[in-house]
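Undergrad: Provide a 3D model corresponding to the input given below.
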Amino acid sequence: MTDAALTLPAHDDASARRNVAVLVFAQAVLGAQMPILFILGGLAGQTLAENKALATLPISVLVLVSMFAAPTLSMLMGRYGRRPGFLLGALCGAIGGALGAVALLQGSFALLVIGAGFNGVYMAAQGFYRFAAADSASPAFRPKAISLVMAGGLASALIGPQLAVLTRDWLAPAPFAGAYVALAALNVVGALAFFFLDAPRPKPREKGAPSGRPLLEIVRQPRVAVAMICAMVSYALMNMVMTSTPLAIVACGYDPDHAAGVVQAHVLAMFAPSFFTGHLIAKFGAEKVIAVGLALLAGCAFVALSGVALEQFYGALILLGLGWNFGFIGATAMLTAAHAPEERAKVQGLNDFLVFGLVTVASFSSGALMDAIGWEAVNLAMAPFLALAGAALIWLALNARRPA
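TA: Below is the predicted model:
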């Protein structure tokens, strides 16, 4: 099936542009909780966990729950529309924030982990913002719509870390509890945006109407398979390195506020390129943009392995953010162009299940590698995954040259 057969009729994209504006706001406000969770999750876990090797368990549980929540939320939105799924995600995010605050006030590591599970449902819902931007977009506007929504993360990169610094001592002497209260409030405010989303409930499928190709047949399509692999690798490596970064910075004798600054620079690098990533994809193709992303991720590992000066942490994490942006947005654009609208729920659900599945493995591995061996091991572990994604891109290029 060609890309042309999978696209929507040409139109003025008025509805798509309105949805992009709503989703940019949601990405900016609701998305601000993700830097808070990644900055404080490991530090809060280290404060409460008796076994310090489990310090990053809250972050690992967050992404583990995201893995299982993604297919469920995708099917829910396929039946009832995007709005209910996004509102459910915000509700779970608010519950997770409240539970995190209570956990720190009571000194309960188990409750912190349970709260992280609720945050994981939100994380899965946020992953579908980029797909929602593409739902009603024309083929020409689709990569730009995805990219612009991801650019909303630029504001979240500014809001989240600063909010973590300003609010973490609100409930002193309980460390970080105030930031979790602020996290819950973000979900309440941000959820209001979804009432302006132009995403009607899908019409029930009529008896005998096509439901699209079987999932196995879709996944065997080269562009779908490679898009999923590159999305998995880009997101997993970003998570693996970022999860250990605050712990590594503090272990090197720097202040937690330095960790917040490095993560803020990283998140800015994740989302700032989104203003032009879509244009680059439209001009050069998703494959080339993904390849640049993988090269930047390799550069992150090289800089991180060169030393532990604060400037090297900044340089490595900025490259990590840039690599994630090109790799993940490129893979998303490739995927949305390779399946039909009626196949959307099952394909996108499987994609995010696989993405968050590998992210879960990376997150668990990050804490274990950091505790047992150290910061160098975390960065060396990137190599086999980058080799896999690079080989997949080469295979796709060779496959495209073969006669039909």
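Undergrad: list the buried residues in stretch 245-262.
TA: Residues 245-250, 254, 256, 258-262 are the ones in stretch 245-262 that count as buried (16 or more other C-beta atoms under 10 Å). C-betas here are computed from N, CA, C, even on glycine.
Undergrad: nearest to residue 311 among these?
TA: Using C-beta to C-beta, residue 262 is the member of the buried residues of stretch 245-262 that lies nearest residue 311, at 10.1 Å.
Undergrad: so what's the residue count around residue 384?
TA: 9 (other C-beta atoms under 10 Å).
Undergrad: same deal with the one 10 residues further on?
TA: For residue 394, the number of neighbouring residues by other C-beta under 10 Å comes to 13.
Undergrad: show me what the helix or strand it falls within is in contact with.
TA: If you go by DSSP states H and E, residue 394 is part of helix 382-401. Taking contacts as C-beta atoms under 8 Å, 6 or more residues apart in numbering, the residues outside helix 382-401 that touch it are 222-223, 225-226, 229-230, 233-234, 236-237, 240-241, 287, 290-291, 294, 297-298, 300-301, 327.
Undergrad: mind doing that once more with 7 Å?
TA: Under the criterion C-beta atoms under 7 Å, 6 or more residues apart in numbering, residues 222-223, 226, 229-230, 233, 236-237, 287, 290-291, 294, 297-298, 301 lie in contact with helix 382-401.
Undergrad: ok so, going back, which among the buried residues of stretch 245-262 gets closest to residue 352?
TA: For the buried residues of stretch 245-262, with residue 352 as the reference and C-beta to C-beta as the criterion, the closest is residue 245, at 23.7 Å.
Undergrad: what about the closest one, distance to residue 398?
TA: 36 Å (C-beta to C-beta, to the nearest Å).
Undergrad: repeat that for residue 26.
TA: Between residue 26 and residue 398 the distance is 40 Å, computed by C-beta to C-beta.
Undergrad: neighbour count: these two, which is higher?
TA: Applying other C-beta under 10 Å to residue 26 and residue 398 shows that residue 26 carries more neighbours, namely 27 against 10.
Undergrad: please name the nearest non-neighbouring residue to the more buried one.
TA: Closest residue to residue 26 apart from its sequence neighbours, by C-beta to C-beta, 6 or more residues apart in numbering: residue 193 at 4.8 Å.
Undergrad: quick one: residues contacting that neighbour.
TA: Applying C-beta under 7 Å, 6+ apart, we find residue 193 in contact with 22, 25-26.
Undergrad: quick one, phi/psi of residue 381?
TA: As for residue 381, its main-chain torsions (degrees, to the nearest 10) stand at phi -70, psi -10.
Undergrad: hmm, residue 304 is touching residue 316, no?
TA: Yes. Residue 304 is within contact range of residue 316, at 3.9 Å (criterion: C-beta atoms under 7 Å).
Undergrad: return the residues in contact with the residue nearest to residue 150 when sequence neighbours are not counted.
TA: Counting by C-beta to C-beta, 6+ apart, residue 150 lies nearest to residue 274, which is 4.2 Å off, once chain neighbours are set aside. Listed by C-beta under 7 Å, 6+ apart, the contact partners of residue 274 are 147-148, 150-151, 325, 329.
Undergrad: what pLDDT does residue 274 get?
TA: At residue 274 the predicted local confidence, pLDDT, stands at 84.
Undergrad: got it, and the one 4 residues further on?
TA: On the pLDDT scale, residue 278 is placed at 84.
Undergrad: what's the neighbour count on it?
TA: By the other C-beta under 10 Å criterion, the neighbourhood of residue 278 contains 25 residues.
Undergrad: list the contacts for the residue most central in space within the chain?
TA: Nearest to the centroid of the C-alpha atoms of the chain, with distances taken as C-alpha atoms, centre = their mean, sits residue 127, at 5.9 Å. When contacts are counted by C-beta under 7 Å, 6+ apart, residue 127 touches 70, 352.
Undergrad: mind running it again at 10 Å?
TA: 66, 69-70, 73-74, 89, 235, 332, 348, 351-352, 355-356 (C-beta atoms under 10 Å, 6 or more residues apart in numbering).
Undergrad: kindly reformat those as TSV containing distance to residue 341 and pLDDT.
TA: As requested, those are arranged in TSV below (distance: C-beta to C-beta, whole Å; pLDDT from 0 to 100):
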residue	distance to residue 341	pLDDT
66	25	88
69	23	92
70	19	87
73	18	91
74	14	86
89	22	95
235	24	91
332	16	90
348	11	85
351	15	88
352	18	85
355	21	88
356	23	81
